[in-house]
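Enquirer: Pasting the sequence and the predicted coordinates here, then a few questions.
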Amino acid sequence: MADDDGYRRVYSRALSMLAARARLAKDLRKKLLDKGEEAAIIDRVIARLIEQKFLDDRAYAAAKARSSVAKGRSSRRAAMELAHKGIDRSTAAVVVAEALDERGEDEKALCERAARKKLRSLSREEPADRRRKLWAFLARQGFSGDAVRKALAVVLDAPAPDDETTDALDE
């Protein structure tokens, strides 16, 4: 009877924690252990939550990957963040690729989008400083040097639409 009360208490506590925010099974287990709950009961509760689909590490990873890609982070950085949270590398690579597919983007488009977004905040910078700061930002987002170079060529070096019109009028 006391064991059932303990199970119900841990189950209720776990549901409350999951209602507050999504968690990985290992993180939920650690939190419950930190609260002084028994490991055997925690394991039973986690098994039930997984069975009921209230706890799903892959769904958690997919949501984090979508969020990372939406923020303009490279697939490499998104996968590294997932691995840091404890998601195995193969799952991380798959969910990041799925997140890119959902958005209809590839790494090149993602890098260009991140560059254009950041460029708005650098509009008052001198051209050389703008290029340097944009390069550093994209590198911190995890894009390769080649991807950054190509994105900068498109975003900074391409003639503005007005330039082509002006040239045509001058002739």
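Expert: Done, it's in.
Enquirer: Where does the record place the domain boundaries for the protein?
Expert: Using automatic domain parsing, the domain parsing of the chain gives 2-55, 58-103, 107-170.
Enquirer: Please work out which of the ones you listed is packed deepest.
Expert: For the domains of the chain, the largest average neighbour count (mean count of other Cβ atoms under 10 Å) is found in domain 58-103, namely a mean of 18. Where you see a C-beta, it was placed from the backbone N, CA and C, and this is true even at glycine.
Enquirer: rewinding a little: got the domains of the chain as TSV, with mean pLDDT columns?
Expert: Below are the domains of the chain laid out as TSV (pLDDT from 0 to 100):
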stretch	mean pLDDT
domain 2-55	93
domain 58-103	92
domain 107-170	82
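Enquirer: Can you say which helix or strand has residue 61 in it?
Expert: Assigning secondary structure by DSSP states H and E places residue 61 in helix 57-70.
Enquirer: Mind listing residues that contact that helix?
Expert: 22-25, 75, 77-79, 81-82, 85, 87, 91-92, 95-96, 98-100, 102-103, 105, 110 (Cβ atoms under 8 Å, 6 or more residues apart in numbering).
Enquirer: Same check on stretch 130-144?
Expert: So stretch 130-144 is contacted by 72-78, 80, 107, 111, 114-115, 118-119, 122-123, 125, 145, 147-148, 151-152, 155-156 (Cβ under 8 Å, 6+ apart).
Enquirer: After the helix or strand containing residue 136, which helix or strand is next?
Expert: Following DSSP H and E, one finds residue 136 within helix 127-140. Moving toward the C-terminus from helix 127-140, the next helix or strand (DSSP H and E) is helix 145-152.
Enquirer: Go ahead and name everything in contact with that following helix.
Expert: Under the contact criterion Cβ under 8 Å, 6+ apart, helix 145-152 has outside partners 74, 107-108, 111-112, 114-115, 131, 134-135, 138-139, 143.
Enquirer: Tell me the gap between the helix holding residue 136 and the middle of its chain.
Expert: Averaged C-alpha coordinates place helix 127-140 at 22 Å from its chain's average position (Cα atoms, centre = their mean, to the nearest Å).
Enquirer: Let me know the angle separating that helix from helix 145-152.
Expert: Interaxial angle, helix 127-140 versus helix 145-152 (axes from the mean of the first three to the mean of the last three Cα atoms, to 10 degrees): 140 degrees.
Enquirer: Please write out the alpha-carbon positions of helix 127-140 in PDB.
Expert: C-alpha atoms of helix 127-140 as PDB (Å, rounded to 0.1, in the frame of the first residue of the first chain):
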ATOM      1  CA  PRO A 127      31.800  47.500 -44.700                       C
ATOM      2  CA  ALA A 128      35.000  45.800 -43.500                       C
ATOM      3  CA  ASP A 129      33.700  45.600 -39.900                       C
ATOM      4  CA  ARG A 130      30.300  44.300 -41.200                       C
ATOM      5  CA  ARG A 131      32.000  41.500 -43.100                       C
ATOM      6  CA  ARG A 132      34.300  40.600 -40.100                       C
ATOM      7  CA  LYS A 133      31.400  40.600 -37.600                       C
ATOM      8  CA  LEU A 134      29.100  38.700 -40.000                       C
ATOM      9  CA  TRP A 135      31.800  36.100 -40.600                       C
ATOM     10  CA  ALA A 136      32.400  35.700 -36.800                       C
ATOM     11  CA  PHE A 137      28.700  35.300 -36.200                       C
ATOM     12  CA  LEU A 138      28.200  32.700 -38.800                       C
ATOM     13  CA  ALA A 139      31.200  30.800 -37.600                       C
ATOM     14  CA  ARG A 140      29.800  30.800 -34.100                       C
END
